[in-house]
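>>> Sequence plus the predicted model coming up.
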Amino acid sequence: MPNSQHILELSQKYRDYTASNLSELVRIKSPSLGEKEVAGKLAGQMQAAGFDEVNIDGLGNVIGRIGNGKRILTFDGHIDTVEVGNAANWSFDPFCGEIRDGFVLGRGAADQKGGVASMVTAGRILKDLGFERDVTLYFVGSVIEEDCDGLCWKYIIEEDGIRPEVVVSTEPTDGGLYRGQRGRMEIEVEFKGVSSHGSAPERGRNAIYMASRACLAAEQLNERLPADDFLGKGSIALSQFVSGSPSLCAVADYARIHLDRRLTWGETKESAVREIEALVQGDDARVFVLNYEETAYTGRRYGMEKYFPTWKWPEGHPAVQAGARTYQALFGRPPRIGKWTFSTNAVTISGMYGIPAIGFGPGAEAMAHAPDEKTPVEDLVNAAAFYAHYACTV
């Protein structure tokens, strides 16, 4: 077993180093598909930390390696962020990267460059310890997560040929150890009406009325969706309504709605689509799941269907138990074992490919996509120690 106290001491020793690395990453704006500069910065940080090898793959993921053993363990953190939103809601520059009052401030500090900075420190700690297990460790700074969670890992598994035994997601977990999340999918419904002059609406078929009835039915559907004891209830939310007509004096002949569907355990893509098809039965409507296909900053065009499967692992699973032992050894108490409210790359890792995944990351989940985003430096220290210890335990 690793020396827990020594790992904690090293993580505390590198406290300012971790915070400074995070500050550097936060200061670089990096929306999905625009991660080139921050990827270069992260690759440099990994090299400076003494990683055995650092590469950037064809999609733009930064992959640092330590060790060369038969077993493969991976730590994942995405380096893209959402946009700032209304700048008036921020009390500081979203890209200041300032370290103040025990926090690192700025967009991405929690979601989720903090986990990435802690991964780098964990790698440095492991090099200090002379890590020599029969394990290959990959530390992944992944891309395009905010636009299409899990796409990056589809590429890593199918194109890079890396299939880990376990993946640790470094998304924020409020200090808890996470073992699952609801899935999600993006569904659209297109309605075709028939236009007529607005003075004689009875001559046409109004697509807005069709779509409006579907929206109200979806609201009712949300109330009766099933629940799971651990993951909670499935949900459906209307997130966009678009319509069109030949003029403002004409019956609308087109409408489209966008639905954000969260899937609990036991729900599937097929069952969710059937539910919406039932809502619009009798209307001239088409229900479909969206596809995502875009060009990464590397120039590689890549995509996938926007269905992100539900996943969870039992509390007794070896990967989860290794995390619980690591937490207990470092912090002297059992962890709070829970789940994410939002979605992560594990929708692909676990939901699609069945690879065990757990989550432990610095920062508060509620900070994700919020103004005045920040992460406690102490969380960064604890996360770096956790990752280093887990690599020596699992």
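It's in. Numbering: from 1, shown residues only.

>>> Low-confidence bits of the chain, can you list those?
Filtered on pLDDT under 70, the chain yields the residue ranges 1.

>>> quick one, helices of it?
Ranges of helices within the chain are 4-13, 15-26, 36-48, 113-129, 151-158, 207-223, 269-279, 318-331, 346-349, 377-391, based on DSSP state H.

>>> Could you dump these into CSV with distance to Trp311 and mean neighbour count added?
Glycine gets a C-beta too; all of them are placed from N, C-alpha and C. CSV is the format used below for the helices of the chain (distance: least, C-beta to C-beta, whole Å; neighbours: other C-beta atoms under 10 Å):
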stretch, distance to Trp311, mean neighbour count
helix 4-13, 29, 18
helix 15-26, 27, 21
helix 36-48, 26, 19
helix 113-129, 19, 27
helix 151-158, 12, 23
helix 207-223, 22, 17
helix 269-279, 14, 16
helix 318-331, 12, 19
helix 346-349, 6, 28
helix 377-391, 19, 26
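
>>> could you redo those as CSV and give each row distance to Gly97?
CSV is the format used below for the helices of the chain (distance: least, C-beta to C-beta, whole Å):
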stretch, distance to Gly97
helix 4-13, 21
helix 15-26, 4
helix 36-48, 11
helix 113-129, 10
helix 151-158, 24
helix 207-223, 39
helix 269-279, 40
helix 318-331, 27
helix 346-349, 28
helix 377-391, 13
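
>>> Tell me which of these approaches Lys192 most closely.
If you check each of those against Lys192 by C-beta to C-beta, helix 207-223 wins as the nearest, at 6.5 Å.

>>> I figured Gly60 was touching Gly299, is that so?
No: counting by C-beta atoms under 8 Å, Gly60 stays clear of Gly299, with 9.4 Å between them.

>>> list the contacts for Ala296?
33, 58-60, 143-144, 302 (C-beta atoms under 8 Å, 6 or more residues apart in numbering).

>>> ditto for Ile125
With C-beta under 8 Å, 6+ apart, Ile125 has these contacts: 7, 10-11, 14, 384-385, 388.

>>> Kindly indicate which of those lies nearest Ser199.
Ala384 (69.4 Å).

>>> what sits against that closest one?
Each residue near Ala384 by C-beta under 8 Å, 6+ apart is listed here: 11, 14, 18, 118-119, 121-122, 125.

>>> Recalculate using a threshold of 7 Å.
11, 14, 18, 118, 121-122, 125 (C-beta atoms under 7 Å, 6 or more residues apart in numbering).

>>> What residue, apart from its backbone neighbours, is nearest it spatially?
With C-beta to C-beta, 6 or more residues apart in numbering as the criterion, Ala384 has its nearest non-adjacent residue at 3.9 Å, and that residue is Thr121.

>>> Surely the one you found and Thr18 touch.
Yes: if you go by C-beta atoms under 7 Å, Thr121 and Thr18 touch, sitting 4.5 Å apart.

>>> Would you quantify the distance from the spatially most central residue of the chain to Glu37?
By C-alpha atoms, centre = their mean, the chain has its centre lying nearest to Thr344, at 2.8 Å. Counting by C-beta to C-beta, to the nearest Å, the separation of Thr344 from Glu37 is 24 Å.

>>> what's the offset of stretch 323-330 from the middle of its chain?
Distance of stretch 323-330 from its chain centroid, counting by C-alpha atoms, centre = their mean, to the nearest Å, is 24 Å.
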